[in-house]
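# Mind looking at a prediction? Sequence and model below.
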Amino acid sequence: MKLNELSDNPGAAKKRTRVGRGPGSGKGKMGGRGIKGQKSRSGVAINGYEGGQMPLYQRLPKRGFNKPNRRSYAVVNLGLIQKFIDEKKLDAKKPIDGAALVASGLVRRELDGIRVLAKGDISAKVDLHVAGASKSAVAAVEKAGGSLTVTAPAAAEASE
């Protein structure tokens, strides 16, 4: 077999229809768009409209509920805290709170508070003050000789 003998499977490559190319093409003059009306013009998109029939997105049932005042926490893993301590971006001797985590660049913004999760290992003795923590994270910090205090987030105090 040579390169000049290669060919696609029959029916694999279909030529596109060129509309408006004369009566012999079968798609000449109006190009299959009919006469006048919104759909015969260019630049028209009537997406989701089904000719007065109830559209699909309205026929389907709505599910669930989105709580409007739901708190969103910035999540930090213990392994990352240890990494930042090793890189001297965080000082383990001082208490580590939300402001310290933002200043170090570990968290972009506090949102409704910072929540610590137990992914990764921590060996430094740290004093953490955060808005939330998993039980395993608290256990891991105390095992390393540190303390993890869960304080009420500032946004929660203002709303109550």
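Sure thing, it's come through.
# C-alpha only now, for contacts and for neighbours.
OK.
# for this protein, what are the low-confidence residue spans?
By pLDDT under 70, the weakly predicted segments of the chain are 153-160.
# can you pull out the helices in it?
Secondary structure of the chain by DSSP state H: the helices cover 56-59, 78-86, 98-104, 135-143, 154-159.
# Take those helices and write them to a markdown table, including mean neighbour count and distance to residue 67.
Output for the helices of the chain, formatted as a markdown table (neighbours: other C-alpha atoms under 10 Å; distance: least, C-alpha to C-alpha, whole Å):
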| stretch | mean neighbour count | distance to residue 67 |
| --- | --- | --- |
| helix 56-59 | 10 | 22 |
| helix 78-86 | 18 | 29 |
| helix 98-104 | 16 | 25 |
| helix 135-143 | 17 | 25 |
| helix 154-159 | 10 | 15 |
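# of all these, which lies closest to residue 118?
Nearest to residue 118 among these is helix 135-143 (4.2 Å), distances taken as C-alpha to C-alpha.
# by contact count, what packs against the closest one?
strand 114-117, strand 147-150 (3 or more C-alpha pairs under 8 Å, 6 or more residues apart in numbering; DSSP states H and E).
# For residue 55, find the nearest of the ones you listed.
Evaluated over the helices and strands packed on helix 135-143, closeness to residue 55 peaks at strand 114-117, with 42.2 Å, by C-alpha to C-alpha.
# Could you list every helix and strand that that closest one packs against?
The contact analysis (3+ C-alpha pairs under 8 Å, 6+ apart) places strand 114-117 against strand 74-77, strand 127-130, strand 132-133, helix 135-143.
# Just put those in TSV and tack on distance to residue 88.
Below are the helices and strands packed on strand 114-117 laid out as TSV (distance: least, C-alpha to C-alpha, whole Å):
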stretch	distance to residue 88
strand 74-77	17
strand 127-130	16
strand 132-133	23
helix 135-143	19
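# so which of the ones you listed gets nearest residue 29?
Comparing the helices and strands packed on strand 114-117 by C-alpha to C-alpha, strand 74-77 comes nearest, at 60.7 Å.
# And the contacts of that closest one?
Under the criterion C-alpha atoms under 8 Å, 6 or more residues apart in numbering, residues 106-107, 109-120 lie in contact with strand 74-77.
# May I have stretch 103-110 as PDB, with CA atoms only?
What follows is stretch 103-110, C-alpha atoms only, in PDB (Å, rounded to 0.1, in the frame of the first residue of the first chain):
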ATOM      1  CA  ALA A 103      -1.200  37.100  54.300                       C
ATOM      2  CA  SER A 104       0.900  33.900  53.600                       C
ATOM      3  CA  GLY A 105      -1.000  33.400  50.300                       C
ATOM      4  CA  LEU A 106      -2.400  30.000  51.300                       C
ATOM      5  CA  VAL A 107      -5.900  31.300  51.100                       C
ATOM      6  CA  ARG A 108      -7.000  33.900  48.700                       C
ATOM      7  CA  ARG A 109      -9.900  35.300  50.800                       C
ATOM      8  CA  GLU A 110     -11.500  34.200  54.000                       C
END
